[in-house]
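1. A predicted structure for the sequence below; I have some questions about it.
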Amino acid sequence: MGNLANVYVQYVKNYYRSKSFYLMLTLILVISVLMTYFSLKYVNDLPAFLGKNVPFHVKKVLFYFLWAFVLINIPVFSSVFFGSPAISSEIENRTAYYIFPLPINRYKLYIGKYLSAFTVTFIIVLIYSAFEVIILHYLFGSIPISFLYSIGLLAIFIFTILSITFMISSIFNKNTYAYITVFIIYYIVFEAGSLIINLLYKITPIYLLNEAADIVEKVYLNINTSSFVSTPSLAPADNSEIYTSILIMIIYMIISFVAGIIIFERKEVS
Amino acid sequence: MEIKINNLTKRYGKLVALNKINMEASGPGCIAILGPNGAGKTTMLKLISNIIKPTEGSVLINNINVSDYPERALKYLGALIEQPEFYYYLNGYEILRFAAKVKGIKNNIDEEIKRLADLTDIKSYLYRKTGTYSRGMKQRLALAVAMVGNPEIIILDEPTFGLDPRGMAYIRDLIKDLSREKLIILSTHLIYEAREVSNRTLIIDHGEIKYDSIKNDNKKRILVTFDGPFNGIKSDVIEDIKNLDGNKMIITPVESVSNYDIIYDLIKNNVKIKSVQEYDDLEEKYISITS
């Protein structure tokens, strides 16, 4: 346990001092400021296609939904920044030659780095969430309990997407390959895959990670933004849908986490 | 301090990088490993320090298997393998502090870091981010990391690489000092470096140990240059004579005979001696083994 804590602290320090962290921080501040600007501008002047006299409670849910819609994409970008090179960089940057001969089990290195990547990703998410809370509280005077649900669900999604990213990073010895593969897996295999299945079979493939992760925004409005065959509802997703999505994310998380550790244990520095 | 290597084999597909190596060593002392590029020197050191896993065989450090129990075995070991890099945004102090903590040092970590910073001469840039270090600075920091916790066994893979001549001399002196108390396993391309710092030499080629100075003939030899013809020598103190290019000969004395006795006998045999020096045939052996 002591060594795991030492590994965690070392990697958190290295992450939060890195250029990637400051680049991601800048990006998130720009996105947050833009969301703030558009929220303040359009709260009393909704586009015509949404209707003229939108009731206050619907408007409130709609703005929560829009903020959550952006929120769900942040972990994907953050995990690409922090997770993709996490293991491959040990080989490419030759830090493995320093860290592997130290008396520490590799799985502890893996878990320590994984938790530190989660920490910095969650910090980025919390910065955006802080903007979300302040602006929406200012506009609507309250924060619903579903906001806490969505942050909790997002934490599970971050753990899951980082598990997959770390597993892919363990396979490669070059950061570039890891970056490209993570992008391909998430945006082609998952996103395009769910689109194709939607179009061909008229079903929403809930077992794909991106579909399961949509639960973060669906706790506000039960609309699947990436699906053509959804059953849109202004009511939030029901509990069974939330539990199913959580279960799917956890299955992805566990399988990829275990696979990643096994690959890392057998990793050759050559 | 003891290291045992049993049938150690490393294969990459069809390529055999290391083939059933067996070796035992106990300290203190310094073992130099010589060999051409791709001979298997670094592979052997990587296996000892758990950077890669063996295909077959085992490495035991103080009778603990490195692959099976790295956390226990590697506590006795410090390693500088190839030219390591460090986490770019951490400084030298943080790198050493982390190494000290995982090696189980709980108290006096700062004193340990100060000792190592003095020993490897890295004090002036200890608090700079390692991403700003030069090659030589990183090499010194890597040496300091290898010595954290005063390990019994230190593995050094070309430790003078990237250092200026002053730095090289400093590191060699340091290795000589360390080998009085510890077991040092040193890989080098430089025969004179091996000769200067080690008391045992291995030559590795094509993944096999082809020469081990403790197993092979390690007799003292003397190189004599002389004027005039060579007409043979009769002597009770000389075991063997090899005449080289006319006016040089290599003499293998009978064991425990001094150089003075040899010189006396040469003069008795009317050899006009120009010079006498210790002859080290390591370079000759290296070339004949690896060619």
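-> Great, that's in hand.

2. Okay, helices next: where are they in the stretch 1-150 of chain A?
-> For the stretch 1-150 of chain A, the helices defined by DSSP state H, counting those that start in this stretch occupy A:2-16, A:19-42, A:56-71, A:74-82, A:85-92, A:96-99, A:106-140, A:145-171.

3. can you list these in CSV and add distance to chain B and mean neighbour count?
-> Glycine gets a C-beta too; all of them are placed from N, C-alpha and C. Output for these, formatted as CSV (distance: least, C-beta to the nearest C-beta, whole Å; neighbours: other C-beta atoms under 10 Å in any protein chain shown):
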stretch, distance to chain B, mean neighbour count
helix A:2-16, 4, 19
helix A:19-42, 9, 14
helix A:56-71, 28, 18
helix A:74-82, 13, 23
helix A:85-92, 9, 23
helix A:96-99, 4, 24
helix A:106-140, 8, 19
helix A:145-171, 15, 22
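
4. how about the ones you listed in JSON lines, adding distance to A:Ile242?
-> JSON lines is the format used below for these (distance: least, C-beta to C-beta, whole Å):
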{"stretch": "helix A:2-16", "distance to A:Ile242": "30"}
{"stretch": "helix A:19-42", "distance to A:Ile242": "25"}
{"stretch": "helix A:56-71", "distance to A:Ile242": "14"}
{"stretch": "helix A:74-82", "distance to A:Ile242": "18"}
{"stretch": "helix A:85-92", "distance to A:Ile242": "29"}
{"stretch": "helix A:96-99", "distance to A:Ile242": "40"}
{"stretch": "helix A:106-140", "distance to A:Ile242": "19"}
{"stretch": "helix A:145-171", "distance to A:Ile242": "7"}
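
5. okay, these in TSV with distance to B:Leu8 and mean pLDDT next?
-> Shown next, in TSV, are the helices of the stretch 1-150 of chain A (distance: least, C-beta to C-beta, whole Å; pLDDT from 0 to 100):
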stretch	distance to B:Leu8	mean pLDDT
helix A:2-16	27	91
helix A:19-42	39	93
helix A:56-71	53	84
helix A:74-82	37	86
helix A:85-92	22	92
helix A:96-99	19	92
helix A:106-140	20	93
helix A:145-171	25	91
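
6. For B:Glu208, which of the ones you listed is the nearest?
-> Ranking the helices of the stretch 1-150 of chain A by proximity to B:Glu208 (C-beta to C-beta) places helix A:96-99 first, at 24.6 Å.

7. wait, A:Ser163 sits on A:Met253?
-> Yes - assessed by C-beta atoms under 8 Å, A:Ser163 is found in contact with A:Met253 at 4.6 Å.

8. Show me how far stretch B:249-261 is from its chain's centre.
-> A distance of 28 Å separates the centroid of the chain from that of stretch B:249-261, by C-alpha atoms, centre = their mean, to the nearest Å.

9. List the contacts of it.
-> With contact meaning C-beta atoms under 8 Å, 6 or more residues apart in numbering or on different chains, stretch B:249-261 is reached by B:219-224, B:226, B:230, B:236-244, B:262, B:276, B:279, B:281.

10. ok, now with 6 Å
-> Residues from elsewhere that reach stretch B:249-261 (C-beta atoms under 6 Å, 6 or more residues apart in numbering or on different chains): B:219, B:221-224, B:237-243, B:262, B:279.

11. tell me which of those is nearest to chain A?
-> B:Lys219 (36.9 Å; C-beta to the nearest C-beta).
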